[in-house]
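Trainee: Need coordinates for the below:
(2 chains)
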Amino acid sequence: MDVVIIDYNAGNVRSVSYALQRLGVNPILSADAEVISKADKVIFPGVGEASTAMRFLRENGLDALLKSLQQPVFGVCLGLQLLCRHSEENDTDCLGIFDIDVRKFEPRLKVPQMGWNDLIKMGSPLFDGVSEHSYLYFVHSYYAQLSEHTVAVTDYVNPFSAALQKDNFYALQAHPEKSGKVGERILENFLKL
Amino acid sequence: MLTKRIIPCLDIKDGRTVKGVNFIGLRDAGDPVELAARYAREGADELVFLDIAATVEKRKTLVELVSKVAAEINIPFTVGGGISSKADVSALLNAGADKISINSSAVKRPELINELASEFGSQCVVVAIDSCFAKEEHVVHINGGRKARALNTIQWALEVEERGAGEILLTSMDHDGTKAGFANGLVSEISNMLNIPVIASGGAGNMQHFVDAFIKGHADAALAASIFHFEEVRVPELKMFLKEKGIAIRIES
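Mentor: Numbers count the residues shown, from 1 in each chain, chains lettered A, B, ... in the order given. The predicted structure is shown next:
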C-alpha cells in the first residue's frame, strides 16, 4: 500500500511520517502531483499559517489536485482547516471540500488551545475502537464550526468539529501523531479504509 | 474538557540524561529515549528535554537525540538549552521536536521571540523564565540562574506574550529543589494575567503540590524532574490522585 504524505514544509510532516513508521508503514513524502494521485492513501498534514499554506498549494497546482482525489484523504490539524471553505486566519479562501467556515477562538479561554482534550459524538470509521471521551492532543487557535459533516465534537470555548468526513475526505483537528495510543488507533483506522 | 498537563523534564548532557536517574527496570538509565518512552507509556502528557551543557560543538549530538526521540515517542516534546538563533530552532524542529524553549537568549535579545514566532509559529515557541525573589520583587535570572538581571518577572512575562511566545515555562528558583511546593502565588499572578498557557516548575515534592499548582497557582501544566526520576511520585498514581481531587486530567483507558 502506497501512503503519501503531502510534503509542503508543514511543521509536522516528519512527526506524521515517524508515527506511520511505528505502525509498520513507510510513507512517501511528496509534493509531486503524479505521485500523490497514484497513492492508495493521502495524508494532508499541517502546522503553520493558513494563507501561506494555501499559497504554496496553489503555486504548485496541489489545490486542484487535492479536490480531485478519489482515494481516502486524511487532513490533519491545519490540513482539516484547509479542507474547509474559508478561514478567518488572514481571510483565506481554502479548498472548500467541507462547506464550513474556520473561525478564531474567542479569547474567553487561553488561545491557542494547547493540550489534551476529549472527543464526543464520534461517528466515523476513523474512531473504530476509540471510546467516547478519549483524549487527543490539540494545538490550534482556529476551529471548524459544527456542520452536517462533523463526525466528532470537542469543546473548547465552544463546541467545534474535532473531526470531519465527506465522501473520501476525512479530517482531524487534533494531532494523531502526538496523541499516544488513541492517536495511533486513529491512524491505523485510516490506513484500513 | 481541556486537561491539565503533567510534564517530566529530562536534563541532557552530551546526549545522555543526567541528575541521577534511579529507575528500576531500565536497561540504561542514562538513555533519554528509553526514559522518555517509559514516561510516555505511563501517561505523561508532554516531555521537556533540557540540554544543560549546550555548546555549539555539542549541538549535533542534541539534534541526533531529538531525531531518535521523535522516531520513538508518541507524545509532544519540547527541547531547550542554548538555543539562540533561527538556525538552531530550524534544525531541532526539522529533527522532530514539537516546540523549542528559549531562555537567556530571549532576555539578551527579546526580538528573537518575534522572529521565531513569525518564522515557525507561536505554538512552538516556549519562553522559559527563571525567577528569583529579591528585594521585594520577582526578578529574572539568566544563564541557568547564575546571573541576576534587572528585569521584573511579571513585566518580562507580559513582554514575552506580547512578542508572540506560545507558552511560558516559569521556574521559581526559590522553590526549585526545595520539594516544598510550587511558587503558586507567582504562577497564579502570571497565569491569570496572560492569555497563553503557563507551565509551573520548581518545588514539586509530593502529589498534593501538583493539586495546589493547578488550583491555587492556576497553572496550565506542571513540570518536575527528580521526583519522577527517583520514583518518589509516579505519573500514573499522580494522575489518579489529581482526578480524585477533581482536576481535569487525561487518563488513557
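Trainee: Tell me the buried residues in stretch B:239-246?
Mentor: Residues of stretch B:239-246 classed as buried under the neighbour-count rule (16 or more other CB atoms under 10 Å in any protein chain shown) are B:239, B:241, B:242. Every C-beta, even on glycine, is put in place using the N, C-alpha and C of the backbone.
Trainee: With residue B:205 as the reference, measure out to the residue positioned nearest the centre of chain A.
Mentor: Central residue of chain A (CA atoms, centre = their mean): residue A:76, 1.9 Å from the mean position. Relative to residue B:205, residue A:76 is positioned 39 Å away (criterion: CB to CB, to the nearest Å).
Trainee: still on that earlier bit, export the buried residues of stretch B:239-246 to JSON lines and tack on distance to residue B:185, secondary structure and pLDDT?
Mentor: What follows is these, written out as JSON lines (distance: CB to CB, whole Å; DSSP: H, G, I helix; E, B strand; the rest coil; pLDDT from 0 to 100):
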{"residue": "B:239", "distance to residue B:185": "25", "secondary structure": "helix", "pLDDT": "98"}
{"residue": "B:241", "distance to residue B:185": "23", "secondary structure": "helix", "pLDDT": "98"}
{"residue": "B:242", "distance to residue B:185": "21", "secondary structure": "helix", "pLDDT": "98"}
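Trainee: Beyond the helix or strand of chain B with the lowest mean pLDDT, next helix or strand please.
Mentor: For chain B, scoring each helix and strand by mean pLDDT, DSSP states H and E identifies strand B:147-152 as the least confident one, at a mean of 76. Of the helices and strands lying after strand B:147-152 in sequence (DSSP states H and E), the nearest is helix B:153-162.
Trainee: That next one vs chain A: in contact?
Mentor: No: using CB under 8 Å from any CB of the partner chain, we find that helix B:153-162 stays clear of chain A, coming within 10.3 Å at best.
Trainee: avg pLDDT for that helix?
Mentor: For helix B:153-162, the mean pLDDT works out to 97.
Trainee: Show me what counts as buried in that helix.
Mentor: Going by 16+ other CB under 10 Å, helix B:153-162 has these buried residues: B:153, B:154, B:156, B:157, B:159, B:160, B:161.
Trainee: Show me what the helix or strand just after that helix is packed up against.
Mentor: Beyond helix B:153-162 in the direction of the C-terminus, DSSP H and E gives the next helix or strand as strand B:167-172. With contacts defined as 3 or more CB pairs under 8 Å, 6 or more residues apart in numbering or on different chains; DSSP states H and E, the packing partners of strand B:167-172 are strand B:125-134, helix B:153-162, helix B:184-193, strand B:198-201.
Trainee: neighbouring contacts of the helix or strand bottoming out on mean pLDDT in chain A?
Mentor: For chain A, counting by mean pLDDT, DSSP H and E, helix A:50-59 ranks last in confidence among helices and strands (a mean of 90). Helix A:50-59 has contacts (CB atoms under 8 Å, 6 or more residues apart in numbering or on different chains) with A:8-10, A:46, A:62-63, A:66, A:78, A:81-82, A:87, A:89-95, A:102, A:142.
Trainee: In strands, which of these fall?
Mentor: Using DSSP state E to define strands, the subset of the contacts of helix A:50-59 located there is A:87, A:92, A:93, A:102, A:142.
Trainee: what about the last one, how many neighbours?
Mentor: Other residues within reach of residue A:142 by the criterion other CB atoms under 10 Å in any protein chain shown amount to 24.
Trainee: For chain B, see how far away it is.
Mentor: From residue A:142 over to chain B the distance is 11 Å, taken as CB to the nearest CB, to the nearest Å.
Trainee: who's in contact with that residue?
Mentor: Under the contact definition (CB under 8 Å, 6+ apart), the residues listed for residue A:142 are A:50, A:81, A:87, A:88, A:89, A:102, A:103, A:104, A:105.
Trainee: same deal with the first one?
Mentor: Residues near residue A:87 by CB under 8 Å, 6+ apart: A:50, A:81, A:94, A:101, A:102, A:142.
Trainee: Output these as JSON lines; include the columns distance to residue B:213.
Mentor: Converted to JSON lines, the contacts of residue A:87 look like this (distance: CB to CB, whole Å):
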{"residue": "A:50", "distance to residue B:213": "35"}
{"residue": "A:81", "distance to residue B:213": "33"}
{"residue": "A:94", "distance to residue B:213": "39"}
{"residue": "A:101", "distance to residue B:213": "37"}
{"residue": "A:102", "distance to residue B:213": "34"}
{"residue": "A:142", "distance to residue B:213": "29"}
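Trainee: Quick one, which of the residues you listed are buried?
Mentor: Neighbour counting over the contacts of residue A:87 (16+ other CB under 10 Å) leaves A:50, A:81, A:94, A:101, A:102, A:142 as the buried ones.
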